[in-house]
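*Asks:* Fold the following, please.
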Amino acid sequence: MSTIKPWYKQFWPWVLIILPMCAVVASVTTLFIAIDNKPDMVVEDYYKKGKAINVDLTRLENAFRLALKFRLSVDGNKIKLTQTFGEKQSAALKLNFIHRTQQAKDFDLLLTANSAGDYEYVLDEALSGKWTIHLESFDAKWRIQTVDKFPSEYDTLLDSFANR
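*Replies:* Numbers count the residues shown, from 1 in each chain. Sure thing, here's the model as predicted:
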């Protein structure tokens, strides 16, 4: 008499079932990870964003007419902005740091001049990574922008002539 075990008591059917099941579990896990971590760089209303580019170009032209140049020094978590050329700006300035890939890291600063005419700010933590930097007037009439990587041993130059 031969004693044949039922299929569920044998080794090989379970091996053949477990391998595809692992692939199914891994793909469902990957799907949930992808849903929870959507990319930040996708713009929902691209048409309005495209129309806003014309406004930005006007502000860049205004900065060029004023011949503005600034030097941005970042030492650890201390930021110092000094105007080096152009019509002296006495009002507050907006300094925006836009991270290249993670929108959650973006932040804006409102800077006012000290008695020496410099703009200083102390951050909670030091900057690291590649950033797009926008400097604009408080009334949003002009803007200068550049890209730089931090930490850096050199100062960042914000030059209205470089935006042309």
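*Asks:* next SSE after the lowest-mean-pLDDT helix or strand in the chain?
*Replies:* Sorting the helices and strands of the chain by mean pLDDT, DSSP states H and E puts helix 46-66 at the bottom, at a mean of 75. Under the assignment DSSP states H and E, the closest C-terminal helix or strand after helix 46-66 is strand 69-75.
*Asks:* ok, and what's touching that following strand?
*Replies:* 79-86, 95, 127, 133, 135, 144, 148, 150-152, 155-161 (CB atoms under 8 Å, 6 or more residues apart in numbering). Where you see a C-beta, it was placed from the backbone N, CA and C, and this is true even at glycine.
*Asks:* how about 6 Å then?
*Replies:* Residues outside strand 69-75 that contact it (CB atoms under 6 Å, 6 or more residues apart in numbering): 80-86, 127, 150, 155-156, 158-159.
*Asks:* Mark which of those residues are buried, thanks.
*Replies:* Lys80, Leu81, Thr82, Gln83, Gly86, Leu127, Asp155, Thr156, Leu158, Asp159 (16 or more other CB atoms under 10 Å).
*Asks:* From the contact counts, what lies against the strand or helix carrying the first one?
*Replies:* Take DSSP H and E as the rule and Lys80 turns out to sit in strand 78-85. In this structure, strand 78-85 makes packing contacts with strand 69-75, strand 119-122, judged by 3 or more CB pairs under 6 Å, 6 or more residues apart in numbering; DSSP states H and E.
*Asks:* how about CSV for those, with distance to Trp12, mean pLDDT and mean neighbour count added?
*Replies:* Shown next, in CSV, are these (distance: least, CB to CB, whole Å; pLDDT from 0 to 100; neighbours: other CB atoms under 10 Å):
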stretch, distance to Trp12, mean pLDDT, mean neighbour count
strand 69-75, 63, 93, 18
strand 119-122, 67, 93, 15
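*Asks:* got a markdown table for these, with distance to Phe107 too?
*Replies:* Listed next are the helices and strands packed on strand 78-85 as a markdown table, based on distance: least, CB to CB, whole Å:
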| stretch | distance to Phe107 |
| --- | --- |
| strand 69-75 | 13 |
| strand 119-122 | 11 |
